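Student: I need the structure of the sequence given here:
(4 chains)
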There are 2 protein chains.
Amino acid sequence: MIDAASTLFRRQGYEATSWREVTRTSGAPAGSIGFLFPDGKEQLAAEAVARVGEVTRDLAVSLLSGVDDPVEAGRRWILASADVLESSGFTDACPVATVALELSHRSDRVQTEVVRAYDSWREVIVDRFADGYGPETARTIAEIFLAALEGALLLSRAERSTRPLLTLAENLDRIVAAVAPVP
Amino acid sequence: MIDAASTLFRRQGYEATSWREVTRTSGAPAGSIGFLFPDGKEQLAAEAVARVGEVTRDLAVSLLSGVDDPVEAGRRWILASADVLESSGFTDACPVATVALELSHRSDRVQTEVVRAYDSWREVIVDRFADGYGPETARTIAEIFLAALEGALLLSRAERSTRPLLTLAENLDRIVAAVAPVP
DNA sequence: TACTAGATAGAACGCTTGTCATAGTCGCGC
DNA sequence: GCGCGACTATGACAAGCGTTCTATCTAGTA
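Tutor: Sure, this is the predicted structure:
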């Protein structure tokens, strides 16, 4: 049920996703929503963000651990994101971005989970780059990498073209090298 | 009316903004919506995106034309965005991002306007960097700059902290220099 | 088998939504 | 001063929303 909600939230956002649609597509018991989520739809959103945040972090870990060069690892993450986006018909970009923008000012509960998700992703990047670049510059790299990835995902989805993501992937090595001049 | 809708869409998105709220906050005639926007709410969204896209482009032009160094100009854009975001209580980030994510897969009409807006912003950046860097690398710079700015805006809003934007601003010179090694 | 707490079903609640129809008002050209 | 098109007000409309209610089912225990 939470997984179904995550997918729907990712594609159409929080407001456009009705409780009925979640139960319909998940096959979950419709009569138990008040029992399973006593705090209502906001609770569902928070748990969906939390779950998809962990899943994405694990996916990023496995993506980033495949190769030696951290820059090449980062590029794989970007290209994998482009793959998912394109093969979904440009509907599956960042799994939390839409909900984050919709609810950041209205739901502290969801916002907390969104922050936790982004933090965990950044941490993965920091860990991957800390070895070669030191923890401090690794943190800067992670901050810029995540921002660029999120922005490229947003633009790629909005324009229905992987070009922003591919351009980022092509120039990632130079960007990282520039932020951390001594590799 | 379109301006009021732009503000509301920017802050709470498309679905969370009701037609009644638009007329209430704008003081516009409530009985004329069917007359002014015969194609319904989607038309309002499209026109709001179109309008705010132009306004933002004009604002970017004036921001970027203030100084000689294009990199410093870009930094000013980022810092100005951080200012707007923070002084709005972290509600006013990218004026089209939320609607773009909500409607990119459902409304071709809105999606067209979103693409037009992003394209026009990119064009402004290209124009500003083409002099010193040549049109081709200027285009690459614009692509990455816009992605990083959009992503940093998204993260800054979601985390209610200007840190992502400020980190980007601090490292912009090195990023640009890396993408365009021969300035 | 009898009992109970946990979980589910389905309908109904009150409310808001986008849209639309009808009635009314404005203002400029004759 | 009048007529006609452009615009506005009011409210009804069906549909959908999140939530909640009561009745029913299920599983584990004594």
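
Student: OK, now which residue of chain A is nearest to DNA strand C?
Tutor: A:G31 (1.9 Å; CB to the nearest atom of the strand). Placement of C-beta: from N, CA and C, glycine included.

Student: Burial check on that residue, number of neighbours?
Tutor: A:G31 has 8 neighbours, counted by other CB atoms under 10 Å in any protein chain shown.

Student: List the contacts of the least confident helix or strand in chain A by mean pLDDT.
Tutor: Among the helical and strand segments of chain A, the one scoring lowest on mean pLDDT, DSSP states H and E is helix A:33-36, with a mean of 88. With contact meaning CB atoms under 8 Å, 6 or more residues apart in numbering or on different chains, helix A:33-36 is reached by A:1, A:19, A:23, A:44.

Student: Is A:E159 in contact with B:V115, as I believe?
Tutor: Yes: contact criterion CB atoms under 8 Å: A:E159 and B:V115 qualify, at 5.2 Å.

Student: any bit of the least confident helix or strand of chain A sitting next to DNA strand C?
Tutor: Yes: Helix A:33-36 lies within reach of DNA strand C by CB under 7 Å from any atom of the strand, at A:35-36.

Student: following that helix, which helix or strand shows up next?
Tutor: helix A:41-64 (DSSP states H and E).

Student: so the residue of chain A most remote from its centre, which of the three states?
Tutor: In chain A, the greatest distance from the average C-alpha position (CA atoms, centre = their mean) is reached by A:G31, at 30.8 Å. Judged by DSSP: H, G, I helix; E, B strand; the rest coil, the three-state class of A:G31 is helix.

Student: now it: how far from chain B?
Tutor: 26 Å (CB to the nearest CB, to the nearest Å).

Student: Just the pLDDT for that residue.
Tutor: Per-residue confidence (pLDDT) for A:G31: 76.

Student: One more: A:P135?
Tutor: 91.

Student: Looks like it contacts A:V126 (just checking).
Tutor: Yes: at 7.0 Å, A:P135 counts as touching A:V126 under the criterion of CB under 8 Å.

Student: These two: which has the busier surroundings?
Tutor: More neighbours surround A:V126 than the other of A:P135 and A:V126, with 20 against 11 (other CB under 10 Å).

Student: for the more buried one, phi and psi?
Tutor: Per-residue torsions, A:V126: phi -60, psi -50 (degrees, to the nearest 10).

Student: and what of A:E86?
Tutor: phi -70, psi -40.

Student: and it, how far is that from chain B?
Tutor: The value you get for A:E86 to chain B, if CB to the nearest CB is used, is 13 Å.

Student: And A:V176, by the same measure?
Tutor: On the measure of CB to the nearest CB, A:V176 and chain B end up 8 Å apart.

Student: Find the nearest non-adjacent residue to that residue, please.
Tutor: Leaving out its chain neighbours, the residue that sits closest to A:V176 by CB to CB, 6 or more residues apart in numbering or on different chains is A:V71, at 5.2 Å.

Student: do A:R20 as well
Tutor: A:A30 (7.4 Å).

Student: Pull the contacting residues for that neighbour.
Tutor: A:20, A:23-24.

Student: cool, A:S107 as well?
Tutor: Contacts of A:S107 by CB under 8 Å, 6+ apart are A:42, A:45-46.

Student: 10 Å instead, please
Tutor: A:14, A:41-43, A:45-46, A:99, A:113-114 (CB atoms under 10 Å, 6 or more residues apart in numbering or on different chains).

Student: most centrally placed residue in chain A?
Tutor: Geometric middle of chain A (CA atoms, centre = their mean) lands on A:C94, at 4.3 Å.

Student: so that one touches A:A100, yeah?
Tutor: Yes: with contact defined as CB atoms under 10 Å, A:C94 and A:A100 form a contacting pair (8.3 Å).

Student: Mutual contacts of the two, please.
Tutor: Common neighbours of A:C94 and A:A100 (CB under 10 Å, 6+ apart) are A:117-118, A:150, B:101, B:154.
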